[in-house]
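need coordinates for the below:
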Amino acid sequence: MKIFYVLFSQFLFLIFFQIAQAEDWPNWRGPRHDGTSVETGLPAKWSPTQNIKWRLELPGPAPSTPVIWQDRIFLTSAEGDNLVLICLTTGGKLLWKKPVSRGNVDIREGESNAAAPSPSTDGQHVWAFFGTGDLACFDFDGNEVWKFNVQERYKKFNIYWGIATTPLLDGDRLYLLLLHTNTQSVVALDKATGKEIWHHPRKTNAYSESLHTYASPIIYRFNGQEFLLTHGADYIVAHNLKDGSEIWRCGGLQSSIMYNPFFRFVASPVGAPGLIVVPSAKSGPVLGINPVGASGDITNNKTHLIWRLGNETPDVPSPLIHDGLVYLCRENGTLICVEAKTGKEVYKERAYNRRHRSSPVYADGKIYLIAMDGTVTVVKAGRQFEILAQNQMNEQTAASLAISDGTIYLRTYKALYAIAEL
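Numbers count the residues shown, from 1 in each chain. Purely as a prediction, here's the structure:
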């Protein structure tokens, strides 16, 4: 009997340990807003027929990332002219599909559309935003809680390639970054009601397409500091969470010799203790900023600008920081690894020679890179460049991976895949 109780106790411990290890993926860059996961036991190799738990056909394409909370998956999608929010189980069963907006548009010959922003969830509600301006909150049963159109409340969108920024869910607030020709604004909303908490006009001397921003805001919360970061229109700016007022800003992302009026930001910044990695556009620079004690304009301030890479920006995929290293995946599939403290290059290698739009994700000692043709290159994390696998799904994709409870979720323009060691 004693042996039975010992074995049963060990069994319960393993179950509870596995539950404790399972991690939700509540927004497009995961639980820490940085593209990292603590999940283990994830596969490096798969194919359309290997290590696939299930595949579910979707009603239409979108570059948005799915989000996961326990046994629920939420994702946005085009469905003809409609724009919908979808809820599934982690077993691949459709629970509900709600139309949120109409007026889908194809962007860049089908590369993107009005379902580009990703949803967010807090475990009780889910928020969805579309390029039409419609922003809505639903409960987990699919009941609409509130909805309004951002264009009607603020300014009509005037941006070349459509709205792609994802609202940032943090605590009881939802933050919007609205940077385009008609407005330069940062907004905080009450997530429960959609009502405005504050609205901050964001100053800039940018013009033309450089006013257009596709990046998403993030929260920097380390070592007793916390502030909202907005990236676009030639600057990264830190805002006070209470009222949106500006704490500091940093430029130096544009050429000081010849201004580029088509220098729009797409990649979002990422933070770690004592470091913010700031991408730019096209073949522009990457900045490593230490925000401790920063105030005012810190452009070229050597106390805070701890390193600068001259022309290595990833342009579209956002940076990744893990274990003292920064990973930058350029659009052409070149992976650049630099030291987080110094910016010193560790390696620069071509992972896969195709266009990359998705942001890299770290999990289980691996860096996952996704090309638009559906090829996922898996690189070993660390100072030595090593390709562990290249997995060809043969379906176009621009969404970043989501990872939860031992499963990788890959969204293509045709389907959602659940991938795990089988």
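
these two touch, right, Leu401 and Thr407?
No. Using CB atoms under 8 Å as the test, Leu401 is too far from Thr407 to be in contact (10.5 Å). For every residue, glycine as well, the C-beta is placed using N, CA and C.

these two: which is more packed in?
Of the pair Leu401 and Thr407, Leu401 is the one with more neighbours under other CB atoms under 10 Å, namely 26 against 23.

can you give me phi and psi for the closest residue in space to the more buried one that isn't next to it in sequence?
In space, and not counting its chain neighbours, Leu401 is closest to Val361: 4.6 Å by CB to CB, 6 or more residues apart in numbering. Per-residue torsions, Val361: phi -130, psi 140 (degrees, to the nearest 10).

Val361: neighbour count?
Neighbours of Val361 under the rule other CB under 10 Å: 25.

surely it is in contact with Pro319?
No. In this structure Val361 lies outside contact range of Pro319 using CB under 8 Å: 12.0 Å.

any low-confidence regions in the stretch 1-150 of the chain?
Low-confidence segments of the stretch 1-150 of the chain, defined by pLDDT under 70: 1-21.

now the helices: where do they sit in it?
Counting by DSSP state H, counting those that start in this stretch, the segments of the stretch 1-150 of the chain that form helices are 2-21, 150-153.

enumerate every residue touching the nearest residue to Gly41 once chain neighbours are set aside.
Once flanking residues are discounted, Gly41 sits nearest to Gly406: 5.6 Å by CB to CB, 6+ apart. Gly406 is in contact with 22, 39-42, 420-421, counting by CB atoms under 8 Å, 6 or more residues apart in numbering.

need the buried ones from the residues you listed selected in PyMOL.
Those of those that count as buried under 16 or more other CB atoms under 10 Å are selected in PyMOL with:
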select buried, resi 39+42+420
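
can you tell me which of the contacts of Gly406 is nearest Val84?
Distance to Val84 across the contacts of Gly406 (CB to CB) is lowest for Ala420, with 26.5 Å.

list the contacts for that closest one?
Neighbours of Ala420 in contact, by CB under 8 Å, 6+ apart: 42-43, 51, 53, 406-408.

taking those one by one, which sit in strands?
Among the contacts of Ala420, the ones falling in strands (DSSP state E) are 53, 407-408.

what is the nearest of these to Phe138?
Of all those, Phe138 sits closest to Thr407, with 23.4 Å by CB to CB.

test my guess that the closest one contacts Ala418.
Yes. At 5.3 Å, Thr407 counts as touching Ala418 under the criterion of CB under 8 Å.

mutual contacts of the two, please.
53, 90.

what's the burial count for the closest residue to Gly103 other than its chain neighbours?
Excluding its sequence neighbours, the residue lying closest to Gly103 (CB to CB, 6+ apart) is Thr132, at 4.8 Å. The number of residues packed near Thr132 is 21, by other CB under 10 Å.

show me what contacts the closest residue to Ala136 other than its chain neighbours?
Among residues not flanking Ala136 along the chain, Lys147 sits closest, at 4.0 Å (CB to CB, 6+ apart). Going by CB under 8 Å, 6+ apart, Lys147 touches 100, 134-137, 194.

most neighbours, which of those residues?
Within the contacts of Lys147, most neighbours by other CB under 10 Å means Leu135, with 23 neighbours.

OK, contacts around the closest residue to that residue other than its chain neighbours?
Distance criterion CB to CB, 6+ apart; nearest residue to Leu135, sequence neighbours excluded, is Phe129 at 4.8 Å. Contacts for Phe129 were tallied using CB under 8 Å, 6+ apart; they are 117, 119, 135-136, 150, 163, 166-167, 176.

redo that, cut-off 7 Å
Contact partners of Phe129, counting by CB atoms under 7 Å, 6 or more residues apart in numbering, are 117, 135, 166-167.

circling back: distance check, the residue nearest to Leu401 against Trp69.
Distance, Val361 to Trp69, using CB to CB, to the nearest Å: 18 Å.

how about the strands in the stretch 151-300 of the chain?
168-170, 173-180, 183-190, 196-201, 218-222, 225-232, 235-239, 246-250, 270-272, 275-278, 286-289, 296-297 (DSSP state E, counting those that start in this stretch).

got JSON lines for those strands, with mean neighbour count and distance to Ser210 too?
JSON lines is the format used below for the strands of the stretch 151-300 of the chain (neighbours: other CB atoms under 10 Å; distance: least, CB to CB, whole Å):
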{"stretch": "strand 168-170", "mean neighbour count": "22", "distance to Ser210": "22"}
{"stretch": "strand 173-180", "mean neighbour count": "23", "distance to Ser210": "10"}
{"stretch": "strand 183-190", "mean neighbour count": "20", "distance to Ser210": "11"}
{"stretch": "strand 196-201", "mean neighbour count": "16", "distance to Ser210": "17"}
{"stretch": "strand 218-222", "mean neighbour count": "19", "distance to Ser210": "21"}
{"stretch": "strand 225-232", "mean neighbour count": "23", "distance to Ser210": "9"}
{"stretch": "strand 235-239", "mean neighbour count": "23", "distance to Ser210": "10"}
{"stretch": "strand 246-250", "mean neighbour count": "20", "distance to Ser210": "15"}
{"stretch": "strand 270-272", "mean neighbour count": "22", "distance to Ser210": "22"}
{"stretch": "strand 275-278", "mean neighbour count": "25", "distance to Ser210": "16"}
{"stretch": "strand 286-289", "mean neighbour count": "25", "distance to Ser210": "17"}
{"stretch": "strand 296-297", "mean neighbour count": "12", "distance to Ser210": "18"}
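
endpoint to endpoint, stretch 142-152 covers what distance?
24 Å (CA to CA, to the nearest Å).

ah, wrong one, I meant stretch 267-276
Note: stretch 267-276 ends 13 Å apart using CA to CA.

Ile68 contacts Asn27, correct?
No. If you go by CB atoms under 7 Å, Ile68 and Asn27 don't touch, sitting 10.2 Å apart.

what residues are up against the closest residue to His33 other than its chain neighbours?
Spatially, and ignoring its direct neighbours in sequence, His33 is nearest to Ile218 (5.2 Å; CB to CB, 6+ apart). Neighbour list for Ile218: 33, 168, 229, 268-269, 271 [criterion: CB under 7 Å, 6+ apart].
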